[in-house]
Structures are given as C-alpha cells and as structure tokens.
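[1] got a sequence here, can you model it:
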Amino acid sequence: MKLGLALGYWGAGPPPGTDEQVAAAEDLGFDSMWTAEAYGSDAFTPLAWYGSRTTRMRLGTSVVQMSARTPTATAMAAMTLDHLTGGRVALGIGASGPQVVEGWYGQPYPKPLARTREYVGILRDTIAREKAHSDGPYYPIPYTGGAGLPSSGLGKPLRSTLHPYRTDLPILLAAEGPKNVALAAEIADGWQPLFYAPRHDAHYRESLETGFTARGGRPEDFDVVCMVQVVVDDDVEAAANRVRPMLALYIGGMGAKGANFHYEVFARMGYETECQKIQELYLAGRKDEAIAAVPLSMVEQVALVGPKAKIAEELPDFRDSLITTMVVSGSPEHLRTIADLVG
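    Below you'll find the predicted structure:
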C-alpha cells in the first residue's frame with residue numbers, strides 16, 4: 001500500500017504550511033499528492049504550483065468535477081500538466097452531486113452514470129489525439145444545436161494540436177454508489193472512494209467485479225486511491241472529535257434528503273438510524289449536536305484514531321483491503337509518524 005498526500009481544496013484562502021507538507025512527503029518517499037475542488041479553489045492550479053516543487057511524486061486530482069469543464073477542456077489541462085511534469089499526472093474525475101452541479105455550475109445533474117461514460121470516452125479520444133467527436137446527448141461534439149440554442153453549423157471535429165506526453169494518462173473515477181463503482185471498474189484506470197470501511201467492503205468488491213467482468217478482466221495496475229484520516233492521540237474520543245465534524249458535514253449537509261450519496265455510504269454499513277439523526281440535526285442548523293451524534297464506531301470504520309499502538313493494530317485492515325494508495329494529511333511531523341507506522 002502506497003502513501004499519498006491529501007491537499008484537498010481550500011477554505012477562505014491558501015492554507016499555511018503546504019510547502020512544508022509537500023517537501024516532507026517528497027522526502028519521506030510518498031508516492032503521490034492529491035488536490036480537490038468543490039465550489040472555491042480549483043484542483044489544477046494548486047497541483048501545478050505545488051507539483052513544481054517536486055520531482056518524483058505522482059500528481060493527482062481527487063477530484064476535478066465534470067461539470068466544471070467540458071471533456072476536452074479537462075483533457076487539455078491534464079495533458080498540459082503531464083508535459084510540464086514529465087508524465088506524473090493522474091486524472092481523477094467525478095460527477096459531484098446535484099446541489100453543486102445545478103447550484104454552482106448551472107448544469108443539469110440527471111443521468112450521472114451516462115454522462116460519466118460519455119465524458120470518459122471523449123477524454124480517452126482527446127488524450128490519444130483522436131479527433132474529438134461525440135454523438136451523445138450530453139457532450140455533443142461538434143455542437144449542432146439543442147436546448148433552444150442554435151448552431152452556426154461551422155463546427156467540425158478537431159484533433160489536439162498538443163501531442164500527448166502519454167496516450168495512456170490514467171483516469172480515475174470517484175464513486176460511492178454500487179453502479180458508479182462498477183462503472184469505475186469498467187471504464188477507468190482506478191477508483192477513488194471517499195469513505196471506505198475495510199470491514200464492510202463486500203458490496204464494493206461485488207460492484208468492482210461486475211465492472212471488471214464487463215471490461216473483460218481487471219487491469220494489473222488498477223489503483224484504488226482513498227483518503228484515510230489518521231489522528232494520533234492517547235485519548236481515543238479526542239482523536240475521534242477531529243474526524244466527527246467532517247463526517248457530520250458530509251452525512252448531514254452535503255446533499256439534500258434522499259439525494260445524499262455520503263449518507264447512503266454509512267447507511268449501507270448499518271448506520272441508517274444514526275445517519276437520519278445526524279442529517280436532521282444538521283439541516284435544522286444544530287451542527288454541534290449533529291457532530292456529537294456521530295458515534296465512535298462510525299469514525300473507526302473509516303479512520304484510524306487513537307494511540308499509536310491502537311492505530312498500528314488496526315492498520316492491517318486497511319493494508320489488506322482494496323486500497324492501493326492511502327491518502328493522508330497533516331504536518332510534516334505527523335506525516336513522518338504515519339510513514340513509520342505504515343513502514
């Protein structure tokens with residue numbers, strides 16, 4: 001199991017200490033670093049900026065949102081950065097959720113699986129320097145009109161002027177639901193779960209196998225890249241308190257009732273009652289109570305919290321799981337501790 005550095009997305013501004021974290025991860029032999037985006041900072045710019053300070057680590061997006069860019073625009077950014085870094089880019093993409101897609105990007109959300117399949121197909125063709133062309137309903141290339149917007153009729157399929165550094169630049173798919181996980185196994189080079197519980201992964205294994213069967217077999221280098229929060233503290237509850245706010249946010253606030261994929265992840269683990277309570281409290285504006293309603297056992301399903309000895313005892317669950325790259329965050333000292341624990 002390889003280690004990756006999670007840089008995530010920014011809050012109000014660039015977080016302090018990132019240069020030091022990146023330098024420490026490179027020195028410690030981390031395999032990769034990963035940026036993200038929601039509805040603030042983008043994923044590509046920080047990846048290029050901080051990636052220019054490295055020479056070895058893979059540079060991944062976890063994830064770029066499909067609705068933020070057309071498939072060809074995403075391919076352009078990934079191919080450009082791949083050249084600048086000597087072929088170190090891993091392109092993680094995701095459909096996001098309806099609140100962000102429709103509320104931030106002003107794009108329609110329905111049919112995310114069909115849109116993803118069409119999007120990845122165009123990405124593959126563009127990166128392979130084939131002419132960009134799609135007859136699909138979501139990303140028609142060339143544009144011939146639709147949704148009340150006329151076409152000039154002058155568009156034609158174009159081939160990238162940029163020759164790719166690699167035609168096999170890896171594409172990873174962020175997915176949580178069973179059908180989307182199966183799609184990742186079928187059409188992508190890797191899968192990026194957000195919350196993954198090794199002790200409750202039977203449904204993920206089944207979904208991946210469905211996708212690999214449709215693909216005709218599992219690629220040898222299929223990468224499962226997952227962020228795992230690691231909090232070292234002699235007080236287990238104090239350590240869990242560092243994780244609870246994020247779980248409450250995603251379960252309670254990152255999606256509407258009946259349309260929250262993160263909620264569903266934990267519900268499938270058997271926490272339906274707890275998820276319902278967390279969501280009700282969070283949507284009612286009682287965020288502190290929602291955070292307090294996250295049980296320790298739920299935290300321990302997806303994170304490593306507590307004294308070093310406890311973390312070392314639980315780490316094999318993650319090492320022996322589907323995860324091939326465990327993505328972590330923290331100060332340089334904390335990254336060294338994790339590297340020592342993982343060995």
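
[2] so, low pLDDT: which residues of this protein?
    The chain contains residues with pLDDT under 70 at 147.

[3] show me it divided up by domain.
    2-228+323-342, 244-302 (automatic domain parsing).

[4] how about these, which one is nearest residue 312?
    domain 2-228+323-342 (5.7 Å; C-beta to C-beta). Glycine gets a C-beta too; all of them are placed from N, C-alpha and C.

[5] can you map out the strands along the stretch 151-300 of the chain?
    Assigned by DSSP state E, counting those that start in this stretch, the strands in the stretch 151-300 of the chain fall at 171-174, 190-192, 223-227, 230-232.

[6] any chance of those strands in CSV, with mean neighbour count too?
    Formatted as CSV, these follow (neighbours: other C-beta atoms under 10 Å):
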stretch, mean neighbour count
strand 171-174, 25
strand 190-192, 27
strand 223-227, 23
strand 230-232, 20
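
[7] quick one: closest of those strands to residue 139.
    Proximity to residue 139, assessed across these by C-beta to C-beta, is greatest for strand 171-174 (15.2 Å).

[8] show me what that closest one is packed up against.
    strand 89-94, helix 112-127, helix 178-187, strand 190-192 (3 or more C-beta pairs under 8 Å, 6 or more residues apart in numbering; DSSP states H and E).

[9] counting contacts, what elements does the first one pack onto?
    In terms of contact count using 3+ C-beta pairs under 8 Å, 6+ apart, strand 89-94 is assigned the packing partners strand 58-61, strand 64-65, helix 71-84, helix 112-127, strand 171-174, strand 190-192, strand 223-227.

[10] and of the ones you listed, who's closest to residue 14?
    strand 58-61 (17.4 Å).

[11] related to what we said a few turns ago, for residue 311, which of the domains of the chain is the nearest?
    Going by C-beta to C-beta, the one of those nearest residue 311 is domain 2-228+323-342, 6.1 Å.

[12] chain center to that closest one: distance?
    7 Å (C-alpha atoms, centre = their mean, to the nearest Å).

[13] between the two ends of that domain, how far is it?
    For domain 2-228+323-342, the first and last residues are 9 Å from each other (C-alpha to C-alpha, to the nearest Å).

[14] one more: stretch 140-158?
    End-to-end distance for stretch 140-158, by C-alpha to C-alpha: 13 Å.

[15] list of residues touching it?
    72, 122, 131, 132, 133, 134 (C-beta atoms under 8 Å, 6 or more residues apart in numbering).
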